[in-house]
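Trainee: no FASTA, just this:
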């Protein structure tokens, strides 16, 4: 089972973040910030999600492979990777309800993933970078 989704995807060591949100919400900007930290672009603007057992694999439509929009600059040609497993979803339209919010999740193609509310979030790229590596979100006491 697969579906196309409006969004952007970047990976670190085979683990990917899917960045969703309305046009102009900062999806590509967050992707560029993650790429500056060493992340690899999978897709910008349209992402194919394919269920593979308990994983969702993210890939790029061939016609936009290796292209990302830099708002106010234009389209950039960058190195990209073919695929990675979805690990985290960031919604650039949602604002966290509080400074230390309770964890949220989202179900995509029947699989549950951590959801980060990215709107107005300072240090978002660095936090996502840590989570894609070996960082973990701690429970709030």
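Mentor: Noted; the coordinates are in hand. Keep in mind the model is a prediction, meaning the values are calculated, not measured.
Trainee: show me the contacts for residue 40.
Mentor: 10-12, 79-81, 84 (Cβ atoms under 8 Å, 6 or more residues apart in numbering). Bear in mind the C-beta positions are built from the backbone N, C-alpha and C, glycine included.
Trainee: Next secondary structure after the longest strand along the chain?
Mentor: Longest strand in the chain, counting residues (DSSP state E): strand 40-52. Reading on from strand 40-52 to the C-terminus, the next helix or strand found by DSSP states H and E is strand 55-59.
Trainee: what's that next one packed up against?
Mentor: strand 40-52, strand 83-91, strand 111-117 (3 or more Cβ pairs under 8 Å, 6 or more residues apart in numbering; DSSP states H and E).
Trainee: Rounded mean pLDDT for the longest one, please.
Mentor: When pLDDT is averaged along strand 40-52, the result is 96.
Trainee: tilt between that strand and strand 111-117?
Mentor: 140 degrees (axes from the mean of the first three to the mean of the last three Cα atoms, to 10 degrees).
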